[in-house]
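Visitor: sequence and predicted structure are below.
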Amino acid sequence: METQIFKISGMGCDHCVKAVENELRKTGIKNFTVQIGSAKVEYEDSSESKTKIKSAIENTGYKVVE
């Protein structure tokens, strides 16, 4: 397992947090915490999982900052 903090630009309210949480749930990831501007996610250590997380966040209309 790996834990990573993803910085997210464009978030500004609790609705933004809920939108990201809902998308992350759809991926099957269970251990995460979302705050305005970031998401701390625990996931299986593979590039596929990281890509899936980034895609889920960006599906909500926000940008993952690297």
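Guide: Nice, thanks for sending it over. Residues are numbered from 1 along each chain as shown.
Visitor: just the strands in this structure please.
Guide: Under the criterion DSSP state E, the chain carries strands at the ranges 2-9, 32-35, 38-43, 63-65.
Visitor: just checking: what are the partner strands of the first one?
Guide: Using DSSP bridges, the strands paired with strand 2-9 in its sheet are strand 38-43 (antiparallel), strand 63-65 (antiparallel).
Visitor: so what's the gap between the first one and the chain middle?
Guide: For strand 38-43, the gap between its own C-alpha mean and the chain's C-alpha mean amounts to 6 Å (C-alpha atoms, centre = their mean, to the nearest Å).
Visitor: could you identify which of the strands of the chain is most buried?
Guide: strand 38-43 (a mean of 18; mean count of other C-beta atoms under 10 Å). Bear in mind the C-beta positions are built from the backbone N, C-alpha and C, glycine included.
Visitor: who's in contact with that one?
Guide: 1-8, 20, 24, 29, 31-34, 49-50, 53, 57 (C-beta atoms under 8 Å, 6 or more residues apart in numbering).
Visitor: want to throw the strands paired with strand 2-9 into CSV with distance to residue 13 and mean pLDDT?
Guide: Output for the strands paired with strand 2-9, formatted as CSV (distance: least, C-beta to C-beta, whole Å; pLDDT from 0 to 100):
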stretch, distance to residue 13, mean pLDDT
strand 38-43, 14, 95
strand 63-65, 16, 97
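Visitor: turn these into JSON lines, including distance to residue 14.
Guide: Converted to JSON lines, the strands paired with strand 2-9 look like this (distance: least, C-beta to C-beta, whole Å):
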{"stretch": "strand 38-43", "distance to residue 14": "14"}
{"stretch": "strand 63-65", "distance to residue 14": "19"}
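Visitor: ok so, going back, residue 15 is nearest to which of the strands of the chain?
Guide: strand 32-35 (11.7 Å; C-beta to C-beta).
Visitor: show me what that closest one is packed against.
Guide: When contacts are defined as 3 or more C-beta pairs under 8 Å, 6 or more residues apart in numbering; DSSP states H and E, strand 32-35 sits against helix 14-26, strand 38-43.
Visitor: figure out which of those is closest to residue 66.
Guide: The nearest among the helices and strands packed on strand 32-35, by C-beta to C-beta, is strand 38-43 at 12.7 Å.
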